[in-house]
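Peer 1: just need the structure, nothing else, for what follows:
(chains A and B)
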Protein chains: 2
Amino acid sequence: MQLTRAADYGVRAMVHLASLPDAKRAGIADLAKAAEVPPTFLTKVLQRLTASGLVISHRGPNGGFTLAAPASSISLLHVVEAIEGPIQLNLCTGPHASGITECHRQTWCAVHNVWRHAQAKLREVLGEASLDALARECARNLELQR
Amino acid sequence: MQLTRAADYGVRAMVHLASLPDAKRAGIADLAKAAEVPPTFLTKVLQRLTASGLVISHRGPNGGFTLAAPASSISLLHVVEAIEGPIQLNLCTGPHASGITECHRQTWCAVHNVWRHAQAKLREVLGEASLDALARECARNLELQR
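Peer 2: Below is the predicted model:
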């Protein structure tokens, strides 16, 4: 029950993008350095974020990556789910859990409700954390350490 | 970020043990049937639960498994952590997170606090779900379906 490395790294890169001034693009080398991630791994992570519509990859000599939406409108939940797919704490709490019965114990199994409740709490906490707020808090913390 | 099969199966077996009358022992075949788990897999899961002190394995002709403590005092969190080890949502939120700094970004990284908060919520929900309450709710639900 642990976040993948890809999601951890993706979050780091996204928070860095959120910290940049408007319209500033980050190249893969800068992003990899800021996120402390091997560039080749980060390239794959960024491909998923681009495919999910959270990041724009600009081509050309002034190319680089930017967020595809205001940082205030992107949450940790968006980033994690873009990389890992919908959070699913157990097999019975998948995106189909409300419709299709994936586990036949589900109609009576009381534990199912606990998994769902835990999953909802987890999604709630991640959903409330915007990249904007996180980037500002990181900057403040770094400033205090100077 | 998903529960292992072992933990899911372990929880099923523990809820079944919690549903038994006092002092009633369950053999591996009965437990495997109730939990719908292959017996060989369940044997390994029960070894971990026994080693963690949550289950007692009684030997002899009247042998079998029982909970090692009242079902009201064992939570889903106990069972999951007995099987998977301490819940650690990200590398930086491990059991040492409060003492040893495992990620050098931790002193300024605002995301670290979100992972810790999410982990605390997850542990809280699982910690509040006792085997006793779950077993009673399962029995009620099954009764209603008859």
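
Peer 1: the longest helix anywhere in chain A near chain B anywhere?
Peer 2: What stands out as the longest helix in chain A, according to DSSP state H, is helix A:110-128. Yes. Helix A:110-128 is in contact with chain B by CB under 8 Å from any CB of the partner chain, via A:Ala110, A:Val111, A:Val114, A:Trp115, A:His117, A:Ala118, A:Lys121, A:Leu122, A:Glu124, A:Val125, A:Leu126. No exception for glycine: its C-beta is placed from N, CA and C like everyone else's.

Peer 1: ditto for stretch A:49-58
Peer 2: No. Applying CB under 8 Å from any CB, one finds stretch A:49-58 separated from chain B by no less than 15.5 Å.

Peer 1: what's in contact with that stretch?
Peer 2: Outside stretch A:49-58, the residues that touch it by CB atoms under 8 Å, 6 or more residues apart in numbering or on different chains are A:10, A:13-14, A:17, A:25, A:46, A:63-69, A:74, A:78-79, A:82-83.

Peer 1: one more: stretch A:119-139?
Peer 2: Taking CB under 8 Å, 6+ apart as the rule, stretch A:119-139 contacts A:14-19, A:67, A:70-77, A:79-80, A:87-90, A:93, B:1, B:108-111, B:114, B:117-118, B:121-122, B:124-125.

Peer 1: do that again at 7 Å, thanks
Peer 2: Contacts to stretch A:119-139, defined as CB atoms under 7 Å, 6 or more residues apart in numbering or on different chains, come from residues A:14-15, A:18-19, A:71-72, A:74-77, A:80, A:87, A:89, A:93, B:108-111, B:114, B:117-118, B:121-122, B:125.

Peer 1: what's the answer for stretch A:3-17, then?
Peer 2: The contact list for stretch A:3-17 (CB under 7 Å, 6+ apart) reads A:26, A:31, A:34-35, A:37, A:41-42, A:45-46, A:49, A:65-67, A:74, A:76, A:79-80, A:83-84, A:131, A:134-135, A:138, B:1, B:89-91, B:111.

Peer 1: in strands, which of the residues you listed appear?
Peer 2: A:Phe65, A:Thr66, A:Leu67 (DSSP state E).

Peer 1: residues contacting A:Asn90?
Peer 2: A:Asn90 touches A:Trp115, B:Gln2, B:Leu3, B:Asp8, counting by CB under 7 Å, 6+ apart.

Peer 1: and A:Thr86, what pLDDT?
Peer 2: Let me fix one detail, which is that residue A:86 is Pro and not Thr. Predicted confidence (pLDDT) for A:Pro86: 93.

Peer 1: could you verify that it is part of a helix?
Peer 2: No. Checked against DSSP: H, G, I helix; E, B strand; the rest coil, A:Pro86 lies outside a helix; its state is coil.

Peer 1: buried subset of the contacts of stretch A:3-17?
Peer 2: By neighbour count, with 16 or more other CB atoms under 10 Å in any protein chain shown, the contacts of stretch A:3-17 hold A:26, A:31, A:34-35, A:37, A:42, A:45-46, A:49, A:65-67, A:74, A:76, A:79-80, A:83-84, A:131, A:134-135, A:138, B:1, B:89-90, B:111 as buried.

Peer 1: mind listing what's buried in stretch A:103-118?
Peer 2: In stretch A:103-118, counting by 16+ other CB under 10 Å, buried: A:Cys103, A:Arg105, A:Trp108, A:Cys109, A:Ala110, A:Val111, A:His112, A:Val114, A:Trp115, A:Arg116, A:His117, A:Ala118.

Peer 1: mind checking the pLDDT average for it?
Peer 2: Here the average pLDDT along stretch A:103-118 is 92.

Peer 1: kindly check the end-to-end length of that stretch for me.
Peer 2: 18 Å (CA to CA, to the nearest Å).

Peer 1: please report how far the residue sitting furthest away from the middle of chain A lies from B:Lys24.
Peer 2: Distance from the C-alpha centroid of chain A, by CA atoms, centre = their mean, peaks at A:Trp108 (33.8 Å). Using CB to CB, to the nearest Å, one gets 21 Å for the distance from A:Trp108 to B:Lys24.

Peer 1: before I go, just wanted to say thanks for your time.
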